[in-house]
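>>> predicted coordinates and the sequence they were generated for:
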Amino acid sequence: MASITLENVGKVYPGGTRAVGDVSIDIADGELIVLVGPSGCGKSTLLRMVAGLESITEGEVRIGDRIVNRVEPADRDIAMVFQNYALYPHMSVRQNLAYGLKNRGTPRSEIKRRVDEAAEILQIGPFLDRKPRALSGGQRQRVAMGRAIVREPAAFLFDEPLSNLDAKLRVAMRLEIKQLQKRLRTTSLYVTHDQLEAMTLADRLVVLNGGRVEQIGTALEVYRRPASVFVAGFIGSPAMNLLDARALPHLPGSAHAGTIGIRPEDLTVTPDGPIEFSVTAVEELGAQRLVHGLANGEAMTITQPSDATLSDNMRLSFDRGNLHLFNRETGRRID
Amino acid sequence: MKRTIFSNQLLPWLLLAPQLAITFIFFLWPAGQAVRQSFLREDAFGINSSFVGLTNFRALLSSPEYMNSLQVTAVFAVSVTIMSMGVALLLAIAVDRMLKSARVYTTLLVWPYAVAPAVAGILWWFIFNPTIGVMPYVLDVVGYDWNHISSKTDAMLLVVIASAWKQISYNFLFFVAGLQAIPASMREAAAIDGAGPVRRFFDITFPLLSPTTFFLLVVNIVYAMFDTFGVIDATTEGGPAQATNIMVYKVYFDGFIGQNIGSSAAQSVILMLLVISLTVIQFRWVEKKVEY
């Protein structure tokens, strides 16, 4: 158990390409932090820098009180779950779980105890003597998790561990990871590009874009008060409506903001609303429907109950408190 | 796979004909001739031949010269295989670790494969020539008197080096491909699991390379037993004192120089059976052991 601290961490590849810049995150002991962002935002690079698989060219990474910039991956007391699981195909599940302990000279009886315990927690007991290729995707995922937990490390690092699973299994495993992490209370750093996965899992999430931190906060903080246009558009599904303030001059705040954001669920249909909305398409989701259309030439989406009556032209209103205003030049939030 | 049904009975045979003709003319027919001749003995003038049963084989198996050749072949084949595969694996690992210019090295390292065995033999014969060669000169500095014309060990070393050198390129290519097929995350996982580079190689990389390794083992042993005739002929011609007279060279020497066609044919039959059985054993073993 330990905290992890990243201080002004940066990564510049030889040749000058910058992957990560000036990232500072404090991860408390036992906390689950999710790094989320679009592909190429530097989230995996950052995770690999904490793991020691990628050199740290700027700043400092501390695990507990120890600066680990120059510490080998094996000596950082971390365990990692890879996207492709990286199970050793020529070893049985038991050998896969035991390998890290064996390399550290753990006594045989202790290895057996820990492997059996992990197998019990993850319900992989019946597969212990099988080879990875004889397992399904979900079972392999569990073994990969098992390999991390038998080590009883200071921190878990997850590199998009669910992206190779089908949608249904992903939701189930997401919950399992959350429960397991709460139970073991091991500090965890989790990388994903899926904002829903990030929101459901994270104690706090770190939204990254272009190698830089856009916002750090709990799921609700990030959802309710996105710190930038990027976060506003990235977090939440359906995505927030981001409108050019110049196209809607009659909206409050449009005089000094560049972009006005409003979530689809915060728009209501009222006969005398200030926004004129013409419907272009409707998507049924079952419980509700997404109504796409135009307001003053700007694309806009609203959510409506599936039993609501729709017409081609409607008027929309909103609560002023639900408007998000962003600076024209910097894209940062204006309060 | 797509299955095609031919309405014409002749067409499939016609399509197969070129390959069948090559197999028949260059393998089945000569092999059959060798088997037939191995039971015959020709008279001194090559006019008549008579059926002598297993006499040729019996004579061979009780001949100390042939036993020597078997032994020499074993030492030669094992040495060539170990050397060519070992060096190739080291080079492949070195290239696999390289970030820059791995491609250039790969291309350069493949060149020796294009050299004909006889030319390779001559090349090494020059390098190791006791009078004009550069290696004996270097070895003399460290106090070793190289002479493959009189020393059995030196002669064996020479033919092993010359034969292995050519095969390194081939093995290297397969090892590089094999190494690159191992996902990087596998080695990273092992690194996090506390395995150092050496441990990682023996626990992860080498086992995952085993299908490549076993395939190359078969290919290299067959190469050493069959395809090294040119190297031997260009360097030692089986000498000194039979020290490098491997089976395939002895087949040629006894048959074409010694004109003992019956014995030569019997030897080639034994050699053929030996290689076939080695290959079968290895592939059986490969199927069972190497799969994971």
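Looks like it came in fine.
>>> who in chain A is up against chain B?
A:51-53, A:72-74, A:78-80, A:82-84, A:86, A:88-90, A:99-100, A:103-104, A:131, A:133, A:147, A:151 (CB under 8 Å from any CB of the partner chain). All C-beta spots, glycine's among them, are computed from the backbone N, C-alpha and C.
>>> out of these, which end up buried?
Buried by 16 or more other CB atoms under 10 Å in any protein chain shown: A:51-53, A:73-74, A:78-80, A:82-84, A:86, A:88-90, A:99-100, A:103, A:131, A:147, A:151, out of the residues of chain A next to chain B.
>>> what helix or strand does residue A:153 sit in?
Of the helices and strands defined by DSSP states H and E, none includes residue A:153.
>>> so it sits against residue A:186, correct?
Yes. Residue A:153 is within contact range of residue A:186, at 7.1 Å (criterion: CB atoms under 8 Å).
>>> list the residues that contact both of those two?
Counting by CB atoms under 8 Å, 6 or more residues apart in numbering or on different chains, residue A:153 and residue A:186 have no common neighbour.
>>> backbone phi and psi for the closest residue to residue A:256 other than its chain neighbours, please?
With CB to CB, 6 or more residues apart in numbering or on different chains as the criterion, residue A:256 has its nearest non-adjacent residue at 7.0 Å, and that residue is residue A:334. Taking degrees, to the nearest 10, you get phi -110, psi 130 for the backbone angles of residue A:334.
>>> neighbours around residue A:334, how many?
Around residue A:334 there are 14 other residues, counting by other CB atoms under 10 Å in any protein chain shown.
>>> just say helix, strand or coil for residue 179.
This is for chain A. helix (DSSP: H, G, I helix; E, B strand; the rest coil).
>>> what does the pLDDT read for residue 262?
No chain was given, so I picked chain A. Looking at residue A:262, its pLDDT stands at 92.
>>> that answer is for a different chain, and I need it for chain B
82.
>>> is it true that it touches residue B:50?
No. The pair residue B:262 / residue B:50 is not scored as a contact, 9.7 Å apart, by CB under 8 Å.
>>> overlap in contacts of these two?
In contact with both residue B:262 and residue B:50: B:40, B:41, using CB under 8 Å, 6+ apart.
>>> returning to that earlier point: report the separation between the residue nearest to residue A:256 and residue A:224.
Distance, residue A:334 to residue A:224, by CB to CB, to the nearest Å: 15 Å.
>>> then residue A:93?
Distance, residue A:93 to residue A:224, by CB to CB: 43 Å.
>>> how many residues are close by residue 178?
Reading this off chain A. If we define neighbours as other CB under 10 Å, then residue A:178 has 17 of them.
>>> to clarify, I was referring to chain B.
Counted with other CB under 10 Å, the neighbours of residue B:178 add up to 21.
>>> same check, this time on residue B:36
13.
>>> show me the domain layout of chain A.
Here the domain parsing of chain A from automatic domain parsing is A:4-229, A:239-334.
>>> and stretch B:212-232, what's buried?
The neighbour-count check on stretch B:212-232 (16+ other CB under 10 Å) flags B:212-225, B:228-232 as buried.
>>> again with stretch A:290-300
A:290, A:291, A:293, A:295, A:296, A:298, A:300.
>>> so what touches that stretch?
Here stretch A:290-300 makes contact (CB under 8 Å, 6+ apart) with A:238, A:241, A:243-244, A:247-248, A:264, A:267, A:275-283, A:301-304, A:310, A:316.
>>> try stretch A:219-234
A:36-38, A:195, A:198-200, A:202, A:205, A:207, A:209, A:214-215, A:217, A:235-236, A:239-240, A:242, A:259, A:261, A:324, A:326, A:330-333.
>>> among those, which are located in strands?
A:36, A:205, A:207, A:209, A:214-215, A:217, A:242, A:259, A:261, A:324, A:326, A:333 (DSSP state E).
>>> number of nearby residues for residue 137?
I went with chain A, as the question did not name one. 15.
>>> that's the wrong chain, I meant chain B
Residue B:137, neighbours per other CB under 10 Å, totals 13.
>>> could you do residue B:256 as well?
11.
>>> surely residue B:240 meets residue B:155?
Yes. Using CB under 8 Å, residue B:240 makes contact with residue B:155 at a distance of 5.8 Å.
>>> shared neighbours, the two?
Residues touching both residue B:240 and residue B:155 by CB under 8 Å, 6+ apart: B:148, B:149.
>>> break down chain B into its strands, ranges please.
B:40-42, B:49-51.
>>> now do the contacts for the residue nearest to residue A:162 when sequence neighbours are not counted.
Nearest residue to residue A:162 in three dimensions, chain neighbours excluded: residue A:170, at 4.6 Å (CB to CB, 6+ apart). With contact set as CB under 8 Å, 6+ apart, residue A:170 has these partners: A:162, A:163, A:197.
>>> swap the cut-off to 10 Å and go again
Residue A:170 sits next to A:137, A:138, A:141, A:161, A:162, A:163, A:164, A:194, A:196, A:197 when contact means CB atoms under 10 Å, 6 or more residues apart in numbering or on different chains.
>>> would you mind putting the residues you listed into TSV with distance to residue B:281 and pLDDT alongside?
Formatted as TSV, the contacts of residue A:170 follow (distance: CB to CB, whole Å; pLDDT from 0 to 100):
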residue	distance to residue B:281	pLDDT
A:137	38	87
A:138	40	88
A:141	40	90
A:161	43	90
A:162	46	91
A:163	44	88
A:164	39	86
A:194	52	92
A:196	56	91
A:197	52	92
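>>> report the buried members of the residues you listed.
For the contacts of residue A:170, a burial check counting by 16+ other CB under 10 Å picks out A:138, A:141, A:161, A:162, A:194, A:197.
>>> quick check: the farthest pair among these?
A:138 and A:194 (17.1 Å; CB to CB).
>>> contacts only, for the nearest residue to residue B:89 once chain neighbours are set aside.
Distances taken as CB to CB, 6+ apart put residue B:175 closest to residue B:89, at 5.3 Å, once the chain neighbours are dropped. Each residue near residue B:175 by CB under 10 Å, 6+ apart is listed here: B:85, B:88-93, B:95-96, B:168, B:209, B:212-213, B:216.
>>> at 6 Å instead, please
Residues in contact with residue B:175 (CB atoms under 6 Å, 6 or more residues apart in numbering or on different chains) are B:88, B:89, B:92.
>>> report the lowest-confidence entry in those.
Lowest pLDDT of the contacts of residue B:175: residue B:92, 91.
>>> and it, what does it touch?
Here residue B:92 is in contact with B:172, B:175, B:176, B:179 (criterion: CB under 6 Å, 6+ apart).
>>> any idea how far residue B:173 is from it?
8 Å.
>>> wait, a strand at residue A:157?
Yes. Counting by three-state DSSP, residue A:157 is part of a strand.
>>> burial count for residue 130?
By default, I'm working from chain A. Neighbour count of residue A:130, defined by other CB under 10 Å: 15.
>>> the intended chain is chain B.
Applying other CB under 10 Å, we find 17 other residues in the vicinity of residue B:130.
>>> how close does it get to residue A:331?
From residue B:130 to residue A:331 the distance is 80 Å (CB to CB).
>>> try residue A:91
Using CB to CB, residue A:91 is found at 49 Å from residue A:331.
>>> got it, and residue A:94?
In this view, residue A:94 and residue A:331 are 52 Å apart by CB to CB.
>>> how about residue A:239?
15 Å.
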